[in-house]
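J.: Next one to model:
(chains A and B)
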Amino acid sequence: KAGVTQTPRYLIKTRGQQVTLSCSPISGHRSVSWYQQTPGQGLQFLFEYFSETQRNKGNFPGRFSGRQFSNSRSEMNVSTLELGDSALYLCASSLASSREYEQYFGPGTRLTVT
Amino acid sequence: LAKTTQPISMDSYEGQEVNITCSHNNIATNDYITWYQQFPSQGPRFIIQGYKTKVTNEVASLFIPADRKSSTLSLPRVSLSDTAVYYCLVGDLAMNTGFQKLVFGTGTRLLVSP
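T.: Residues are numbered from 1 along each chain as shown, chains lettered A, B, ... in the order given. So this is what the prediction gives:
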């Protein structure tokens, strides 16, 4: 069974631009969660989507948004990029609620904002 | 918002038992406690999950006291390949938002030496 895939793996953007990251979950998984990882703040939860609906969310500004498609693939968008948005963005999929089921993480997208 | 805290680092030797504790005094009532392992340049990988008392699988045990405000991951007979960062993950109590969020612990860097 193929694992969670994320594209692109690396990205360099300029302040003020926007970016879209993509995540393809494991086949059959209906929940996709997004996390930001930085050396200073560690792993922080962004949001979770289940059956195309946002189910849970963390404490991130509205510049961070996401969506999930009917095939469970998910995208995350960050608008008006700031230097502090430089991070590893991880996507994880699970069968159902990420609070109850094992999450499988992708390799992440490394975003650098200059 | 209460933080979910772990010791920053731990050192051990091959063959020893390692216990890593996570303090999560703001855990949501109905949420599970999950532990993940992360190697450099990889996404976290599931180790074990529990709700209360003790859970054991082929790689680890998880001890959860009755008040569930902490948990202890126990790794029996560690090997060099267990050198990694270990995170606990819990659901945080909702704060009038209608959403709940997942909170990763601060992470414990385990170094296993020969």
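
J.: Tell me what residue B:84 is bridged to.
T.: Residue B:84 forms beta bridges with residue B:110, as assigned by DSSP bridges.

J.: That one against residue B:39, yeah?
T.: Yes. Using CB atoms under 8 Å, residue B:84 is in contact with residue B:39, at 5.2 Å. (Each C-beta comes from the backbone N, C-alpha and C, glycine too.)

J.: So for these two, which sits in the more crowded spot?
T.: residue B:84 (21 against 12; other CB atoms under 10 Å in any protein chain shown).

J.: next one: phi and psi at residue A:83?
T.: phi -60, psi -40 (degrees, to the nearest 10).

J.: Quick check: it touching residue A:14?
T.: No. Applying CB under 8 Å, one finds residue A:83 not in contact with residue A:14, separated by 10.1 Å.

J.: Spatially central, which residue of chain A would that be?
T.: Nearest residue to the geometric centre of chain A (CA atoms, centre = their mean): residue A:34, 3.1 Å.

J.: picking up where we left off before, what do residue A:83 and residue A:14 both touch?
T.: Contact with both residue A:83 and residue A:14 is made by residues A:113-114, according to CB atoms under 8 Å, 6 or more residues apart in numbering or on different chains.

J.: Residues of chain B that sit close to chain A?
T.: Within reach of chain A by CB under 8 Å from any CB of the partner chain, chain B has these residues: B:1, B:28, B:31-32, B:34, B:36, B:41-46, B:49, B:87, B:91, B:97, B:99-104, B:106-107.

J.: what about the strands in the chain?
T.: Using chain A. Secondary structure of chain A (DSSP state E): strands at A:5-7, A:10-13, A:19-24, A:31-38, A:42-50, A:53-57, A:64-68, A:74-78, A:87-94, A:104-105, A:109-113.

J.: Chain B, not that one
T.: Under DSSP E, chain B gives strands at B:9-13, B:18-23, B:33-38, B:45-50, B:53-56, B:61-64, B:70-75, B:84-92, B:101-104, B:108-113.
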